[in-house]
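A.B. asks: For reference, the sequence and a predicted model appear below.
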Amino acid sequence: MDASTSLPATAGHRDPHAHSTGHERHELGWWRKYIFSTDHKVIGIQYGFTGLLFLLFGFSLMMLMRWQLAYPGQALPVIGKLLPHIFGAGSMPDGKMTPDFYNTLGAMHGTIMVFLGIVPLAFAAFGNFVVPLQIGAPDMAFPKVNMASYWAVFVGGIIMLTSFFVPGGAAKSGWTSYVPLAAIADTGPAYHRIFNGQTLWLIGFIFLITSSLLGAINFIATIIQLRAKGLTWMRLPFFVWAQFVTAFLLLLAFPPLEAGIIMQLMDRVAATSFFMPVGLVVNGAAMHISGGGSPLLWQHLFWFLAHPEVYVLILPGMGIVAEILANNSRKPLWGYKSLVFSVLTIGFLSFIVWAHHMWLTGMGSAVSAFFQTTTLIISIPSVIILSAFFISLWGGSIRFNVPMLFTTAFLPMFGIGGLTGIPLAFNSADLYLHDTYYVIAHFHYIVAPGTIFALFAGIYYWFPKATGRRMNEFWGKVHFWPTLICMNAIFLPMFLQGMAGMHRRWYDGGQGWTLSGEHIWGLTGFQWNTPISWAAWIMGLAQIPFIINFFWSIRHGEKVNDNPWEATTLEWTAPSPPPHGNFVTTPIAYRGPYEYSLPGRDRDFTMQNEPVEPTERRRRKTVEQPVLV
């Protein structure tokens, strides 16, 4: 074996001449090295920090909403009187939340968490940092396009944040921006035609979509063209497959929404009527519309993106879970090919299920039957993936480190999210459950204890590769257990509230509505808002150990070798942190990605770049059969 395939203990030995030569050749100034970088690793870290900051900000908006739901009409203690100085006098006069500000928090929480938090972190950050390393590539196919994709999402995020400080505040028409409400919001004489919340939301979104399209093209080209020698399609780590399919989802689903957003922007600023219907009456006066637009057209364009978007959120998480599961069970993933074909099937089917979000629009029975059927069918590959993950644990020598804790928690949490989505696939059940807290609970079980748990697992798992140091295990567990408990304390009661008929957009938490007054497990639907809110605030505090652990470990964490987890994929053959060009020796793949616990080996892991020995070939062909007695 060459130096790049040696044991972890010797993996740190590098060719000093080759490294110093590369260093002299690629010496860059600070701005080009860390800010306007074209190195995929730096861009991945930039995406990671940006995504984590927006996740924290979006979560903070939700914690403000939870105060209003638990204690409607009461002044927020301590910071309540400070917030009007930040968000404007009309947001929280005397520390009490107004209905408009509550709607703003709801719209921006959803937008920020999905499009500025999870997508940049799950797809762009992990994809940029890990995918080129896992396929043995020196960088992404288009480094400058890669840099442009990050700065597009950064500009879009700044525009979204700026919208909080314009007259009237940020967008308040929901994260779905349904017309005609979104087309006429903030259009009175007191508001600037451009610098108002809803228009800035649309402009910011154009930058976010452009960023995802640039990134998707780059990922597809990189995975197809820059794989290492010997790394055939069926030798790719499952994480790479997940990112590959995710890139296609973004590439195909985002352009229709970008066109729709431009059309809605024109409806707001140029008096067009792509989505504005005739006969609209606003504040008792008839609106003059230049032509007859269709509000339903916007819903079709939005959900044609937003349902594949659900898989954009979850597929990278599944890929992360697969890597950590195989590594910490010390055995190959069960059913690798079934996993690959399942994720490809999900990618195809995700484009023909979008209208199950639109049962209330009155579609015909034939169309309704089609979308109900495809929605049920798409659950099959998801069940195959989850079942393969569970079976992979069977008989494994499981190591319960922090990445594995988050990974194993992901499995039942995602299972709950998937199973509770089945009633929503039927229009008869959805007529009652639509826009209730049941939908909130179902969706958040997919993306909160689902995707976000997978993202935390990935951060703990690949942190040593990015920094050469390991995050503290004790504080990682202090982060994990309260987060797991509080996550369920938040969302499980929401299923009960939803089945009691509580609407997701009630500003007062539903205290005045008959259905929310019914008792469920000793509390009314409205009263459940108080323990849910306290669980949310405690979960916010539980993120403090993670934040401290993350930044402290960058400089003071335990130093580790290049392969601290004793993993098998190619990224662990690179130095930690990887230099420019990633690898000291160009890797060659000789085997599959998850060759753990092979018989007759000195170690329980065999890396992808270790050649297959002649004795190993004979051993594989002549497997002893069990003797029946």
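C.D. replies: Now that the structure is in, tell me what you want to look at.

A.B. asks: hang on, Met147 packs against Phe36?
C.D. replies: Yes - counting by CB atoms under 8 Å, Met147 touches Phe36, with 6.3 Å between them. C-beta coordinates here come from the backbone N, C-alpha and C atoms, glycine included.

A.B. asks: what's His444 in contact with, if anything?
C.D. replies: Gly417, Ile490, Phe491, Met494 (CB atoms under 8 Å, 6 or more residues apart in numbering).

A.B. asks: can you list the weak-confidence ranges in this structure?
C.D. replies: Residue ranges of the chain with pLDDT under 70: 1-26, 515-516, 617-629.

A.B. asks: Return the subset of the contacts of His444 lying in helices.
C.D. replies: Using DSSP state H, Gly417, Ile490, Phe491, Met494 are the members of those that sit in helices.

A.B. asks: Which parts of the stretch 501-629 of the chain are helices?
C.D. replies: 529-556, 614-621 (DSSP state H, counting those that start in this stretch).

A.B. asks: what's the most buried one of these?
C.D. replies: Mean neighbour count (mean count of other CB atoms under 10 Å) peaks for helix 529-556 among the helices of the stretch 501-629 of the chain, with a mean of 17.

A.B. asks: Output the contacting helices and strands for it.
C.D. replies: Using 3 or more CB pairs under 8 Å, 6 or more residues apart in numbering; DSSP states H and E as the contact test, the elements touching helix 529-556 are helix 40-70, helix 453-467, strand 469-470, helix 473-499.

A.B. asks: got CSV for those, with mean neighbour count and distance to Pro93 too?
C.D. replies: What follows is the helices and strands packed on helix 529-556, written out as CSV (neighbours: other CB atoms under 10 Å; distance: least, CB to CB, whole Å):
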stretch, mean neighbour count, distance to Pro93
helix 40-70, 20, 14
helix 453-467, 25, 37
strand 469-470, 20, 48
helix 473-499, 19, 28
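
A.B. asks: Can you check which of those gets nearest to Gly512?
C.D. replies: With CB to CB, the closest approach to Gly512 among the helices and strands packed on helix 529-556 belongs to helix 40-70: 13.3 Å.

A.B. asks: Next SSE downstream of the closest one?
C.D. replies: helix 83-87 (DSSP states H and E).

A.B. asks: residue boundaries of the strands in the chain?
C.D. replies: For the chain, strands defined by DSSP state E occupy the ranges 281-282, 285-286, 469-470, 519-520, 523-524, 558-559.

A.B. asks: Ok, which of the ones you listed comes nearest Phe49?
C.D. replies: Across the strands of the chain (criterion: CB to CB), the nearest stretch is strand 469-470, sitting at 16.9 Å.

A.B. asks: returning to that earlier point: farthest pair in the contacts of His444?
C.D. replies: Across those (CB to CB), the longest gap, 13.3 Å, separates Gly417 and Ile490.

A.B. asks: before we move on, back to that, mind checking which of Met147 and Phe36 has more residues around it?
C.D. replies: Met147 (21 against 14; other CB atoms under 10 Å).

A.B. asks: Now the more buried one: closest residue in space that isn't a chain neighbour?
C.D. replies: The spatially closest residue to Met147, leaving aside those adjacent along the chain, is Thr38, at 5.1 Å (CB to CB, 6 or more residues apart in numbering).

A.B. asks: do Phe546 as well
C.D. replies: In space, Phe546 is closest to His479, 4.3 Å off (CB to CB, 6+ apart).

A.B. asks: Could you report the distance from the one you found to Ser60?
C.D. replies: According to CB to CB, to the nearest Å, His479 and Ser60 sit 18 Å apart.

A.B. asks: ok, back up a step: may I see the strands of the chain organised as JSON lines, with distance to Ala567 added?
C.D. replies: Formatted as JSON lines, those follow (distance: least, CB to CB, whole Å):
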{"stretch": "strand 281-282", "distance to Ala567": "60"}
{"stretch": "strand 285-286", "distance to Ala567": "66"}
{"stretch": "strand 469-470", "distance to Ala567": "14"}
{"stretch": "strand 519-520", "distance to Ala567": "46"}
{"stretch": "strand 523-524", "distance to Ala567": "47"}
{"stretch": "strand 558-559", "distance to Ala567": "17"}
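
A.B. asks: taking those together, which one is wrapped up most tightly?
C.D. replies: It is strand 469-470: most buried of these by mean count of other CB under 10 Å, with a mean of 20.

A.B. asks: Spell out which strands sit alongside that one in the sheet and which way each one runs.
C.D. replies: strand 558-559 (antiparallel) (DSSP bridges).

A.B. asks: OK, contacts around the residue nearest the centre of the chain?
C.D. replies: For the chain, Ile118 is the residue whose C-alpha lies nearest the centre (CA atoms, centre = their mean; 3.2 Å). Contact analysis of Ile118 by CB under 8 Å, 6+ apart lists Gly51, Leu55, Leu313, Val447, Thr451, Ile452, Leu455.

A.B. asks: of all those, which two lie farthest apart?
C.D. replies: Longest span within the contacts of Ile118, CB to CB: Gly51 and Val447, 13.3 Å.

A.B. asks: Quick one: residues contacting the residue lying closest to Thr199 once chain neighbours are set aside.
C.D. replies: Setting aside the residues directly before and after it, Thr199 is nearest to Arg268 in space (CB to CB, 6+ apart), at 5.6 Å. Counting by CB under 8 Å, 6+ apart, Arg268 makes contact with Ala183, Thr187, Arg193, Gln198, Thr199, Leu202.
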